[in-house]
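Novice: Sequence below, structure please.
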Amino acid sequence: MLNYVWIALVLIGVLTAAGSDIYDASTDRYRNGEPFELQFDSTSSNSGRVFYTREYYDAFYGVSIESPDTLVFPASIGGNSLKITTGDSSPELWKTIAKTDDKSDQITAKVQSRKGESMAILLPTTSLVKTKAVLDAVISYSEMGVKIALGLIGVMAFWLGIMKLADDSGMIKIIARVMKPVMVRVFPDIPPDHPAIGAMIMNMAANMLGLNNAATPLGLKAMDELEKLNPHKGTASNAMITFLVINTAGLTLIPATAIAVRAALGSKDPTIILLTSFFGAGLATIAGITAARILQRLKVYRIKETVGETNDGRNPG
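Specialist: Take a look at the predicted model:
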């Protein structure tokens, strides 16, 4: 389902960008093919600066910008090619033309005519600006996703190995015995020796070590066991809701995945988030369990039993 959502978002982004580009083309926003007149003041044989008035720029593009009365840019000339360097204070249209031209801060224009300091230039043809930006973003973030995934392999393999050793050595069973008194209080509807308790403990242990991928199958197993005890099949029980709340809060002792992501992106101290992650997730877990226990006592959230039905909602006849 999530894949369809992402595909839909990408398509919406591309179609929106394409529609905007079609509108820009219909209004000739970038004045492609029209000569732009400016002044070139040379400081050496090939370099100098170009300048024009704000009034001329506004009239040429049909806009109104906030800038000094005269706009000045460093420039260099070679043959019939004029390279203009834009900056933060440059008009947005020229910054867009520069990025679309060669993805830098320079505009490479063609000198159409020159008479003394006066010069007429043809700016690069600019089109499909937003569509190219969306497609470039899709490609760049796809590459970033692959790099992050490759960076996660080592850390995830290490912690999954630790979990496997903990399971084979019996450490998980020890953790289960230690956590059983707490589990009995948090899940009073579940028998202490039921397999659901063990599955939930293993899931929570994996989450506390930050092993989200390893915790997923354990969480599914726990939900399957809780469903077997559920008197109303297909409707989440109090225990299932509480378990989901704990998973959503994400109580973590070692956020291995987050640390791996930070390390893959070049963080100087990827483990600095340990204390804040535990503190924030701990408060979220307490708040979530408290809210679940309070809400499950309200009549509005209880399933009403009808006369002639068994506990599982089926008619005995």
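
Novice: use CA for all of it now, contacts and neighbours both
Specialist: Will do.

Novice: Spit out the contact partners of Asp24.
Specialist: The contact partners of Asp24, by C-alpha atoms under 8 Å, 6 or more residues apart in numbering, come to Tyr30.

Novice: Also Phe278?
Specialist: Applying C-alpha under 8 Å, 6+ apart, we find Phe278 in contact with Leu251, Thr252, Leu253.

Novice: hang on, the first one packs against Ile286?
Specialist: No - using C-alpha atoms under 8 Å, Leu251 makes no contact with Ile286, being 9.7 Å away.

Novice: Which one of those two is surrounded by more residues?
Specialist: Leu251 (25 against 15; other C-alpha atoms under 10 Å).

Novice: Next, work out how far apart the more buried one and Asn46 are.
Specialist: According to C-alpha to C-alpha, to the nearest Å, Leu251 and Asn46 sit 64 Å apart.

Novice: repeat for Glu34
Specialist: Taking C-alpha to C-alpha, one finds Glu34 at 25 Å from Asn46.

Novice: quick one: the helices in the stretch 101-250 of the chain?
Specialist: All helices of the stretch 101-250 of the chain, identified by DSSP state H, counting those that start in this stretch, fall at 129-169, 171-186, 195-208, 212-229, 238-249.

Novice: Could you pull up the contacting residues of the closest residue to Tyr30 other than its chain neighbours?
Specialist: Sequence neighbours aside, Thr126 is the residue nearest to Tyr30 in space, at 6.5 Å (criterion: C-alpha to C-alpha, 6 or more residues apart in numbering). By C-alpha under 8 Å, 6+ apart, the residues touching Thr126 are Tyr30, Asn32, Ile97, Thr100, Asp101.

Novice: ok but Phe73 is inside a helix, no?
Specialist: No - with DSSP: H, G, I helix; E, B strand; the rest coil as the criterion, Phe73 is located in strand rather than a helix.

Novice: pretty sure it is in contact with Thr85, am I right?
Specialist: Yes - between Phe73 and Thr85 there is a contact under C-alpha under 8 Å: 6.1 Å.

Novice: Thank you, goodbye.
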